[in-house]
Structure formats: C-alpha cells, structure tokens
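K.L.:
prediction below, plus the sequence it came from.
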Amino acid sequence: GAVVSQHPSWVICKSGTSVKIECRSLDFQATTMFWYRQFPKQSLMLMATSNEGSKATYEQGVEKDKFLINHASLTLSTLTVTSAHPEDSSFYICSAREPTGDSGNTIYFGEGSWLTVV
Amino acid sequence: LAKTTQPISMDSYEGQEVNITCSHNNIATNDYITWYQQFPSQGPRFIIQGYKTKVTNEVASLFIPADRKSSTLSLPRVSLSDTAVYYCLVGPSNQAGTALIFGKGTTLSVSS
C-alpha cells in the first residue's frame, strides 16, 4: 500500500521553542493531508486538514496560530508547534488520501511523531 | 460523518477467530467502511475496506449486510501480535478533503 512518512519520530524541545514535524507521501501525490493528535490511551483527534497551495482548515478548538500547517507541495505537509508548552506534548500523526481515480480510495497514516516539551 | 459504535474491548486466545462488529446506523450512500489497526506509539495501519457484501484480503475479511448499518471485521487465527486497537470508520471515499473521524476503537487482547 501507499506509504506516508513522518519525521522526526520523536522530538524533545524546551518550553517556548518551536518544533516542526514533516509528513511526506512517498509514492503518490496528496492534495490533502490530515493532522491528528493522540494522547495516551485515547483515540485520534483530528486537528486540521492541510490543503496543497492554500490555507489549512482547523477543527474547532485548535489554535491555528499555535499549530502552523504548511502544504507547499503535493508530497509534503508540515506541522509547526509554536511556542511549545508541556501540555502540547503528545503523539502527532498525519495521514494522506491516495487518489485512485475511482471510488474507494484509501487514507494512509504516517508512523507518528512523539513530541515532548520540557 | 456517520458515527460508529464498537465494543470497547475484546479478549481472545491464540489460534481463535475474532469477529469485531461495528454499528453505523447513519451510514450514507457514498460512505465506505474502513478498518484500521493501531499498535502503541504507531500510526494506524490500513486493514481492509469495503462498501457492501464481503471483502477478503490476506489478513482479514469484512462482512457487510445488505442494509450496511453494521459491519464485522473477521481476523482468522489470531496471534499475540494481533493485540492492538482496531478502529472502524465510515466516510465518503471519493471526497479528497474529507478526513476520517475516529471513535474509541476496540482494544483486542490476545493471550496464549
């Protein structure tokens, strides 16, 4: 199946700094990518929809100025956590829809990125 | 997007067949049913997707009745490595901008 890759797999940063997480679709072009966050023993929560060449669409309650999303190419979306605080520590997961040209295309997920803010 | 309901947890033993049923009473005509598996600290992994009747691949089968208001993921002869959280999701597959909304999932525990 299609591969979606995230980098880094884990990162530790100091409070007040910013950290960038990359999401790449390795063998297909993705006009739309999605970002989720997941706290331990909880389900995935959709944060935003990343649209290539345009602004991201954020879910209610997600601060767009804190979680900056850039989708500059058809294979790369980035999530930047700005002025990180310990409560931003979480598992961040991206996903992308593989277009197959027919109905029934599939969303694939990256490996996830652990962010720890100290 | 259609809301799904799954059992919170299930227990099984190695070698048994496991069936996880998901209810999605409000599924729309253009919605597909997709199941994902997630291990701790990993992103969800696609298992199987279907629209109606039965779909089978190398790892699982998906049974969907005619009214499509539910679906059953069948895992044949589970092993310890199948211990994971399984998510049932429904959504329109032909709309690129539509994300998948996750429910709580089913935690499957396989024992020896």
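P.N.:
Right, received. Where do you want to start?
K.L.:
burial count for the residue in chain A that chain B sits nearest to?
P.N.:
At 3.7 Å from chain B, A:Phe109 is the closest residue in chain A, using Cβ to the nearest Cβ. From N, CA and C alone the C-beta is placed, and that goes for glycine too. By the criterion of other Cβ atoms under 10 Å in any protein chain shown, A:Phe109 has 23 neighbours.
K.L.:
surely it is in contact with B:Gln37?
P.N.:
No - contact between A:Phe109 and B:Gln37 fails when scored by Cβ atoms under 8 Å: they sit 10.6 Å apart.
K.L.:
shared neighbours, the two?
P.N.:
Taking Cβ atoms under 8 Å, 6 or more residues apart in numbering or on different chains as the contact rule, A:Phe109 and B:Gln37 both touch B:44-45.
K.L.:
before we move on, the earlier item: ok, now how distant is the residue lying closest to the residue of chain A closest to chain B once chain neighbours are set aside from A:Trp35?
P.N.:
Distances taken as Cβ to Cβ, 6 or more residues apart in numbering or on different chains place B:Gly43 nearest to A:Phe109, at 3.7 Å, with adjacent residues excluded. Per Cβ to Cβ, to the nearest Å, B:Gly43 is found 12 Å from A:Trp35.
K.L.:
hey, what's in contact with both of those two?
P.N.:
Joint contacts of B:Gly43 and A:Trp35 (Cβ under 8 Å, 6+ apart) are A:Ile93.
K.L.:
residues in contact with the spatially most central residue of chain B?
P.N.:
For chain B, B:Trp35 is the residue whose C-alpha lies nearest the centre (Cα atoms, centre = their mean; 3.2 Å). Counting by Cβ under 8 Å, 6+ apart, B:Trp35 touches B:22, B:47-49, B:60, B:62, B:71, B:73, B:86-89.
K.L.:
just confirm it is within a strand.
P.N.:
Yes - counting by DSSP: H, G, I helix; E, B strand; the rest coil, B:Trp35 is located in a strand.
K.L.:
what's the neighbour count on the closest residue to it other than its chain neighbours?
P.N.:
Closest residue to B:Trp35 apart from its sequence neighbours, by Cβ to Cβ, 6+ apart: B:Ile47 at 4.5 Å. When neighbours are defined as other Cβ under 10 Å, B:Ile47 has 19 of them.
K.L.:
gap between B:Ile47 and B:Asn25?
P.N.:
Going from B:Ile47 to B:Asn25 by Cβ to Cβ gives 22 Å.
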